[in-house]
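> only geometry, no sequence info:
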């Protein structure tokens, strides 16, 4: 399910994102309930989305977590569209904005660290992957993340136009890798079968029904017959023993793919006049 950000009133949404005109706190009444705030509402909504997914998100569900009615929330956040923007921007505050100093001879390690941080962040909050990049939130923390990546890429010495396109290459690559990892973690629960069980059943049926598979798809079969992927020279952390096969494959694909992308940046640097 793809969700588009920026669907609320532009002025109100951006005012909330940048805290330009936050509503004053309500006066305390005789009851024991604490006062609400935009930050409290956003925190409850993020916790809900992390635990139950985007489909569970509603003003009523968030209100239930806070012991309030949905109507009580509207004083602070006009609706679900504005809430989604606030949630998306708020969680991006978790991402680092500073890395070991990048320089023309030391740009690769910071970029590798950045990509790993964004991957793990997206896996922690898989619902952010449902928010389309076609409509950015335009919040301060989203911009901080963009500014960080541009700073790291500028250290390569490549032209501004190339850096702009690399931003548009690296973000989708990391998001796509994170989506595969997130899907791998959800698959067993959602389908009721492990990776091993699923592949064993489907592989046996496929071989039985398509005995000439290798002849019909020689490139696919040849690639499998040649053995495992050659390790990339970039260091690979020890895999988690509890990690599923699909997640291990996704993470290895991310690591090798990132290495090749960074090799491409190095080649582009070498071609400079």
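Structure received. What you see is a predicted model; the values in this text were computed from it and never measured.
> where does the stretch 101-250 of the chain have low pLDDT?
102-104, 227-241 (pLDDT under 70).
> buried residues of the top helix by length along the chain, list them for me.
Longest helix in the chain, counting residues (DSSP state H): helix 160-191. Buried residues in helix 160-191, defined by neighbour count with 16 or more other CB atoms under 10 Å: 162-163, 166, 170-171, 173-174, 177-182, 184-185, 187-188. All C-beta spots, glycine's among them, are computed from the backbone N, C-alpha and C.
> next structured bit after that helix?
Next in sequence after helix 160-191, counting helices and strands by DSSP states H and E, comes helix 195-209.
> which other helices and strands does that next one contact?
In this structure, helix 195-209 packs against helix 160-191, helix 245-270, with contacts taken as 3 or more CB pairs under 8 Å, 6 or more residues apart in numbering; DSSP states H and E.
> for those helices, give me a markdown table that also has distance to residue 214.
What follows is these, written out as a markdown table (distance: least, CB to CB, whole Å):
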| stretch | distance to residue 214 |
| --- | --- |
| helix 160-191 | 26 |
| helix 245-270 | 21 |
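> skip the chain neighbours and tell me the closest residue to residue 84.
The shortest distance from residue 84 to any non-neighbouring residue, by CB to CB, 6 or more residues apart in numbering, is to residue 5 (6.1 Å).
> can you count the residues close to that neighbour?
23 (other CB atoms under 10 Å).
> how about the contacts made by it?
By CB atoms under 8 Å, 6 or more residues apart in numbering, residue 5 lies in contact with 84, 85, 88, 131, 132, 135, 136, 137.
> surely the first one meets residue 128?
No. Under the contact definition of CB atoms under 8 Å, residue 84 does not touch residue 128, with a separation of 10.1 Å.
> who has more neighbours out of these two?
residue 84 (26 against 22).
> re earlier: residue 120: which of the helices and strands packed on helix 195-209 is closest?
helix 160-191 (8.2 Å; CB to CB).
> show me what the closest one is packed against.
Against helix 160-191 (3+ CB pairs under 8 Å, 6+ apart) you get helix 108-124, helix 140-154, helix 195-209, helix 245-270.
> how about CSV for those helices, with mean neighbour count and distance to residue 222 added?
Shown next, in CSV, are the helices and strands packed on helix 160-191 (neighbours: other CB atoms under 10 Å; distance: least, CB to CB, whole Å):
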stretch, mean neighbour count, distance to residue 222
helix 108-124, 18, 30
helix 140-154, 17, 37
helix 195-209, 11, 17
helix 245-270, 16, 19
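> which one, of those, ends up nearest to residue 215?
Between these, helix 195-209 lies closest to residue 215; by CB to CB that is 13.0 Å.
> now residue 100: how far from residue 155?
The spacing between residue 100 and residue 155, counted by CB to CB, to the nearest Å, is 11 Å.
> which neighbours do those two have in common?
Shared contacts of residue 100 and residue 155 (CB under 8 Å, 6+ apart): 106, 110.
> give the rounded mean pLDDT of whichever strand or helix holds residue 40.
Element membership for residue 40 (DSSP H and E) is helix 38-52. Helix 38-52 carries an average pLDDT of 98.
> tell me which other helices or strands it touches.
Applying 3+ CB pairs under 8 Å, 6+ apart, one finds that helix 38-52 contacts helix 59-66, helix 80-91.
> could I get the contacting residues of residue 156?
104, 107, 163, 265, 268, 269.
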